[in-house]
Each structure stands twice: as C-alpha cells, then as structure tokens.
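Trainee: what would the 3D arrangement of this be:
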Amino acid sequence: PEHWRQVQGLPGSGTGYVVSLSVVQAGAALLTFVLIRPGADRIPRWSPLAPGRRLSRRVVVGSSAAGVCALTFLCIASVANWAKVNPFAGAEMTGWAWLCLGSYLAALAWPVALAATTVGYARFRRTP
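Mentor: Presented below is the predicted three-dimensional model:
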C-alpha cells in the first residue's frame, strides 16, 4: 500500500536497504554450498592464502552455527514485530497480502534447514 511504502522509504532510501539485504541473503545462501557440495570447503586455488587447503571442520561448523543463531534471532524478531513490518496490517487479505505473509513464513524454514545441513556436515566430516 502507498502509505506503507512512504513510511518505509520505498522507493527511496528504503530501497537501498531492501536491495542490500537481498544481496546479503543471497550471498549467505550461496555459502551453504560449502556444507553440501563435496570439496567446496577448500580454499580456492586462486586465493593467495593457502590455495587448495581444506577449511577446518570447526571453522565451517562454527560459522554455520553462528548463522543458525543469527537467522533464529531474525525470525523471532520478525514474528515479534510483524505488525511493524506487515504492509497489509489491518487491511483485507488480498493476493499481495497472502504473498507477503507466505514470504515471511517461508523465511522461518531457513534456520531449521541450515541447522539440519550443519549437523549433516558435522556428522559426515568427523576429522578436523
């Protein structure tokens, strides 16, 4: 709705925030390949720092666990503040409102999926 976009600065200053957040989320999602793709936990050969060396299990699992914690916090904060971020609060549930709600509900799966992937990686790569 127009009023909500004005409050959020869309288009305008809020647009940069939304785009930046989307880029960070996409980057974080790509990093999960380290957990699921064999050999992805190796430092690229083109890197000047230890090319081809495998990252330690503790570094991969630790950073992934930190990501689970951060995602869990963000999901809890989003649910707790839903009235502030829901552009359709108090309005009739239209198609756009359902899409918005569905997008947020889908995001709640991220910490669960990352936690499961982290546990799987830790179990299959037992040697440090």
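Trainee: and residue 26, what's its pLDDT?
Mentor: We have a pLDDT of 76 for residue 26.
Trainee: so the residue nearest the centre of the chain: helix, strand or coil?
Mentor: By CA atoms, centre = their mean, the chain has its centre lying nearest to residue 25, at 4.6 Å. Following DSSP: H, G, I helix; E, B strand; the rest coil, residue 25 is assigned to helix.
Trainee: any figure for the gap between it and residue 117?
Mentor: For residue 25, the distance to residue 117 equals 16 Å [CB to CB, to the nearest Å]. (Each C-beta comes from the backbone N, C-alpha and C, glycine too.)
Trainee: what pLDDT does the model give the most far-flung residue of the chain relative to its centre?
Mentor: Distance from the centre of the chain peaks at residue 92, with 29.2 Å (CA atoms, centre = their mean). Reported pLDDT at residue 92 in the predicted model: 77.
Trainee: secondary structure class for it?
Mentor: Per three-state DSSP, residue 92 ends up coil.
Trainee: contacting residues around it?
Mentor: Residues near residue 92 by CB atoms under 8 Å, 6 or more residues apart in numbering: none.
Trainee: and the one 4 residues further on, by the same measure?
Mentor: Going by CB under 8 Å, 6+ apart, residue 96 touches residue 88.
Trainee: SS state for it?
Mentor: Residue 96 - assigned by three-state DSSP - is helix.
Trainee: okay, it: pLDDT?
Mentor: 73.
Trainee: distance of it relative to residue 32?
Mentor: 29 Å.
Trainee: just residue 100 next, same as before
Mentor: 25 Å.
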